[in-house]
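Chemist: Starting from these lines, generate the structure:
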Amino acid sequence: MTFTQKNLEYAPAKLADLEQIMMIERVSFPYPWTEGMVVSELCDAPFSFSYVARDPEKNRIIAYVFMRALFDELHLLSIAVAPAWRRQGIGEALLALVLKTVHEKGLKRISLEVRVSNLPACKLYRKFGFKEVGLRRGYYCKPTENGLALQYEVPTPPLMKAVGFPGL
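Modeler: Numbering: from 1, shown residues only. Here you go, the predicted structure:
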């Protein structure tokens, strides 16, 4: 799936994107993923789905999202936008890709953890309909901090439910 919004291209992440993803990862998180962890999501995990947002004028990746399907659930593993590109709707566009992936794969919910202090991310997730389902004490390190467990329940299409579509 590839589409353009605000003159950006959103496309599946590739191993060739590793260096630019790692640059964003390192400036976005106090305890960043290792290259091996990112490579695993890009190559080795058959139920992983990763996308990047690219500025086509400069051929630079400016954001990414990693997610993984587990049974009937999609776990949002990581989402980051380069500092110079934040607050321009790119995180929203990546979350729209997450929602599209959930619908395409027929999954029932999305789950994630977020630092309690990451107020912009918390606000964005709530805007998309995520609800708090728990608190993970000491979940994050550098610094040690609690994580909010959030979940989004995929709406069941009303007509399918009304006629008793199997699996609903």
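
Chemist: For the rest of this, base every contact and every neighbour count on C-alpha atoms.
Modeler: Noted.

Chemist: mean confidence score for stretch 90-103?
Modeler: In this model, stretch 90-103 has a mean pLDDT of 92.

Chemist: List of residues touching that stretch?
Modeler: The set of residues external to stretch 90-103 that reach it, using Cα atoms under 8 Å, 6 or more residues apart in numbering, is 51, 53, 63-65, 67, 74, 76, 79-81, 108-110, 124, 154.

Chemist: Nearest to Arg137 among these?
Modeler: Taking Cα to Cα as the measure, Arg137 lies nearest Leu76 of the contacts of stretch 90-103, at 19.0 Å.

Chemist: what stretches of this structure score poorly on pLDDT?
Modeler: For the chain, the stretches with pLDDT under 70 are 1-6, 44, 157-168.

Chemist: now the helices for the protein?
Modeler: Using DSSP state H, the helices of the chain run over residues 18-28, 35-39, 90-105, 119-127, 158-162.

Chemist: can you tell which of these is closest to Lys142?
Modeler: For Lys142, the closest of the helices of the chain is helix 18-28, at 12.7 Å, according to Cα to Cα.

Chemist: What about the closest residue to Arg109 other than its chain neighbours, how many residues nearby?
Modeler: Nearest residue to Arg109, sequence neighbours excluded (Cα to Cα, 6 or more residues apart in numbering): Glu153, at 4.5 Å. Look at Glu153: counted by other Cα atoms under 10 Å, it has 14 neighbours.

Chemist: And Glu153, how far from Asp72?
Modeler: For Glu153, the distance to Asp72 equals 11 Å [Cα to Cα, to the nearest Å].

Chemist: Give me the common contacts of these two.
Modeler: Contact criterion Cα under 8 Å, 6+ apart; residues shared by Glu153 and Asp72: Lys108, Arg109.

Chemist: need the contact list for the nearest residue to Thr144 once chain neighbours are set aside.
Modeler: Counting by Cα to Cα, 6+ apart, Thr144 lies nearest to Gly138, which is 5.7 Å off, once chain neighbours are set aside. Counting by Cα under 8 Å, 6+ apart, Gly138 touches Thr144, Glu145, Asn146, Gly147.

Chemist: where's the third one relative to Lys14, distance?
Modeler: As for Asn146, its distance to Lys14 is 32 Å (criterion: Cα to Cα).
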